[in-house]
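A.B. asks: Kindly return the folded structure for what I paste below:
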Amino acid sequence: MDKSVKKVRINIPMVLTWTRIALIPLIVGVFMIPTSILSMHSQNLLGCIFFIVAAVTDALDGFIARRYGMGTTLGAFLDPVADKLMVSAALIVLLAFGRVDMLVALVIIGREITVSALREWMARVGESGKVKVNWFGKIKAIAQMVSIPMLLYFDPIGAWNVYLTGTILIYIAAILTIYSMFVYLKAAAPFFSSEPKQK
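C.D. replies: As a prediction, this is how the structure comes out:
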């Protein structure tokens with residue numbers, strides 16, 4: 001086990017990760033409030049704000065954990081899970097309101113499931129280092145984190161068509177998603193015939 005990963009259960013990065021998880025039902029729930037109580041514009045604004053706050057906690061928890069040596073085994077597990085749940089929940093909302101193409105949502109969510117399974121397999125054969133996050137994956141994540149709040153907000157800001165900008169970025173994210181997945185699969189392909197290491 002990496003000595004930098006400590007068994008401290010509660011610290012700032014963990015609080016930020018749990019905050020991100022707690023925001024997920026809010027991102028979905030705000031769009032379930034009747035428009036007679038909360039206008040569609042207000043729902044869009046709140047959904048966008050909740051997602052941005054969650055995305056900020058994603059950036060902060062990893063930085064603080066690395067910078068101050070606060071990484072934990074639970075945090076290492078929860079962080080990617082929280083990210084995938086957050087993105088998937090937001091995409092489901094966008095799909096329900098017709099703001100994202102079904103194929104785009106399927107590609108992004110399907111890729112996350114595939115890469116997660118791939119990393120689990122590679123860890124079992126002792127080659128997890130072969131499928132570490134690459135630059136394409138990081139750029140894809142940035143494109144997602146910028147496009148999704150735009151699509152949640154939806155409404156134009158003056159002459160700026162926020163929805164169109166978000167749509168272009170989500171398609172870029174989908175293309176990078178496919179490419180990065182094939183990069184991971186190519187790196188892992190030589191080990192598909194390997195036997196899992198005995199614990």
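A.B. asks: going forward, measure contacts between C-alpha atoms and count neighbours the same way
C.D. replies: Will do.
A.B. asks: so where's the protein shaky on pLDDT?
C.D. replies: For the chain, the stretches flagged by pLDDT under 70 are 1-9, 194-199.
A.B. asks: for it, what spans make up the strands?
C.D. replies: Here the chain has no strands by DSSP state E.
A.B. asks: In it, which residue is most central in space?
C.D. replies: Nearest to the mean C-alpha position of the chain, counting by CA atoms, centre = their mean, stands D83 at 3.5 Å.
A.B. asks: Helices of this structure, start to end?
C.D. replies: 12-29, 40-67, 73-96, 102-124, 135-153, 162-188 (DSSP state H).
A.B. asks: What is the neighbour count of M32?
C.D. replies: Neighbours of M32 under the rule other CA atoms under 10 Å: 12.
A.B. asks: Hmm, I typed the wrong one, I wanted V115.
C.D. replies: If you count neighbours by other CA under 10 Å, V115 ends up with 17.
A.B. asks: Name the nearest residue to it, ignoring sequence neighbours.
C.D. replies: In space, and not counting its chain neighbours, V115 is closest to M181: 6.7 Å by CA to CA, 6 or more residues apart in numbering.
A.B. asks: So what's the residue count around the one you found?
C.D. replies: Counted with other CA under 10 Å, residues neighbouring M181 total 20.
A.B. asks: Give me the neighbour count for V104.
C.D. replies: V104 sits with 19 neighbouring residues when counted by other CA under 10 Å.
A.B. asks: For I178, see how far away it is.
C.D. replies: 10 Å (CA to CA, to the nearest Å).
A.B. asks: Return the residues in contact with the closest residue to M40 other than its chain neighbours.
C.D. replies: Spatial nearest neighbour of M40, chain neighbours left out: F31 (8.0 Å); criterion: CA to CA, 6+ apart. Taking CA atoms under 8 Å, 6 or more residues apart in numbering as the criterion, F31 is in contact with 40, 43-44, 47, 93.
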